[in-house]
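S.K.: give me the fold of what follows.
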Amino acid sequence: MLERLEPKPADAILKLIDEHKNDPRAEKVDLGVGVYRNAEGDTPILNSVKKAEHWLVGVQSSKAYLGSRGDVAFCDAIQSLVFGAAATAGRVVTLQSPGGSGALRVGAEVALKANPNACMWVSEPTWNNHAPLLGEAGIKLQAYPYYDLDSNSIRFDAMLESLQQAAAGDMVLLHGCCHNPTGMDLSPTEWNQVADVVAARQLIPFIDLAYQGFAENLDDDAYGVRLLIKRVPEMIVTQSCSKNFGLYRDRVGALSFVAADEATANTTMSQALSTVRTMYSLPPDHGAAIVAHILGDQALRNEWLQELAEMRDRLKEMRQLLVPALAEAAPSHDFSHILRSTGMFCYLGVTAAQVERLKSERGIYLVGSSRINVCGITPANVDYLAESIASVL
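M.R.: Have a look, this model is predicted:
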């Protein structure tokens, strides 16, 4: 049986990590990694998380299974974090998931149960794992224009025109904030126009909110979610705690369904729990318990908010270092779009051939699309990075 299997190519980003690790050059720079890193290149455990872990060790009395929904206090806290006051009683149900990826897959499975012919409109480009997670569940994927590589801006008019062609009942995958891979987000005005089209065409928003708090702040980053819940009867929202709480390996995420009424919401939850039971049965506890405690303890919550702001500020500061350095090293090229992007990622705006030269000639590692993780930039390497980019233009 197993000899019939064909080898699959290595994940492009994981392959980059290995290549960077094995590169002996001292000045090498990793811009491909998909996690937050500080100026020392570490992905630290937040102090608020450490304190919550110590608390958990002291009070936890059992390692018995949670229910399929997960930690109820976590679900309630995340629902409030995502929807705020817009979460009208009864319409929203939330369950814990193994990371944002688990939420995406369960959400896709439930959508297919509701509509076996489901079609989802997905931005071009989008996170490279969206298609496997959603498409391999059986959902038909249809691309809508999003990013213009020549102007390094959102193709907003083309996006709206494309969504006008969607059929009633189709889903639309939207990045809540910090669009991955481009870093280019919809403005509030643009969100309002998207909401008009979605409501008029009777489309179902499927919002991936993986980076809440990494763009502007928790409330502003949830603008699209909180707007659309007021405009549409149904919506699916996935959320991740990997970035804003730094809980990558603990796999903490949440999946929320918005329905027209409480009875439909409860029925949807029953289908979601049935799906969970046949996929991974029960979610892990540790990370969710930490998040629930932080969000429920005012002192810890305040400390976490400060740490979140520090991570967000570092992302902005590295952009503010890189763009002037590029302007000096390559004055005939415009990289100002990097300042307009948010979150961990953006497109650098070089060709695949130039990306390969950066790797081979200068030890600068990024994926072929030219997506970079700005966490790889530091005050110590920014000049070398700018000079390296200029050398291949």
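
S.K.: quick check: which element contains the nearest residue to C375 once chain neighbours are set aside?
M.R.: Distances taken as Cβ to Cβ, 6 or more residues apart in numbering place R37 nearest to C375, at 4.2 Å, with adjacent residues excluded. Backbone N, C-alpha and C define where each C-beta goes, glycine included. Using DSSP states H and E, R37 is not contained in any helix or strand.

S.K.: so who does R37 touch?
M.R.: R37 makes contact with T43, N373, C375, G376, according to Cβ atoms under 8 Å, 6 or more residues apart in numbering.

S.K.: try 7 Å
M.R.: By Cβ atoms under 7 Å, 6 or more residues apart in numbering, R37 lies in contact with T43, C375, G376.

S.K.: ok, and the closest non-adjacent residue to the last one?
M.R.: What it means is G376. Distance criterion Cβ to Cβ, 6+ apart; nearest residue to G376, sequence neighbours excluded, is L31 at 4.1 Å.

S.K.: what's the spacing between the one you found and L366?
M.R.: Remark: distance between L31 and L366 (Cβ to Cβ, to the nearest Å) = 4 Å.

S.K.: beyond the helix or strand where V122 lies, next helix or strand please.
M.R.: In this structure, V122 is located in strand 119-124 according to DSSP H and E. As assigned by DSSP H and E, the chain's next helix or strand after strand 119-124 is helix 130.

S.K.: and that next one, average pLDDT?
M.R.: In this model, helix 130 carries a mean pLDDT of 95.

S.K.: okay, buried residues for stretch 344-362 please.
M.R.: For stretch 344-362, the neighbour count (16 or more other Cβ atoms under 10 Å) marks 344-350, 354-355, 357-359, 362 as buried.

S.K.: quote the end-to-end distance of it.
M.R.: 22 Å (Cα to Cα, to the nearest Å).

S.K.: what mean pLDDT does it have?
M.R.: On average, stretch 344-362 scores 95.

S.K.: run through who's touching that stretch.
M.R.: With Cβ under 7 Å, 6+ apart, stretch 344-362 has contacts from 36, 152, 178, 180-183, 214, 315, 335, 337-338, 364-366, 368-375, 388-389, 391-392.

S.K.: which other helices and strands contact whichever strand or helix holds K113?
M.R.: Per DSSP H and E: K113 is located in helix 99-114. Where contact means 3 or more Cβ pairs under 7 Å, 6 or more residues apart in numbering; DSSP states H and E, helix 99-114 is packed against strand 204-209, strand 235-240, strand 252-258, helix 262-279.

S.K.: partners of the first one, with directions?
M.R.: Under the criterion DSSP bridges, strand 204-209 sits next to strand 171-175 (parallel), strand 235-240 (parallel) in its sheet.

S.K.: hmm, who's touching stretch 187-197?
M.R.: Stretch 187-197 has contacts (Cβ under 7 Å, 6+ apart) with F156, L160, L163, Q164, L186, Y223, G224, L227, L228, R231.

S.K.: that older thread, tell me which of the strands paired with strand 204-209 sits most buried.
M.R.: With neighbours taken as mean count of other Cβ atoms under 10 Å, those reach their highest mean count in strand 235-240, at a mean of 26.
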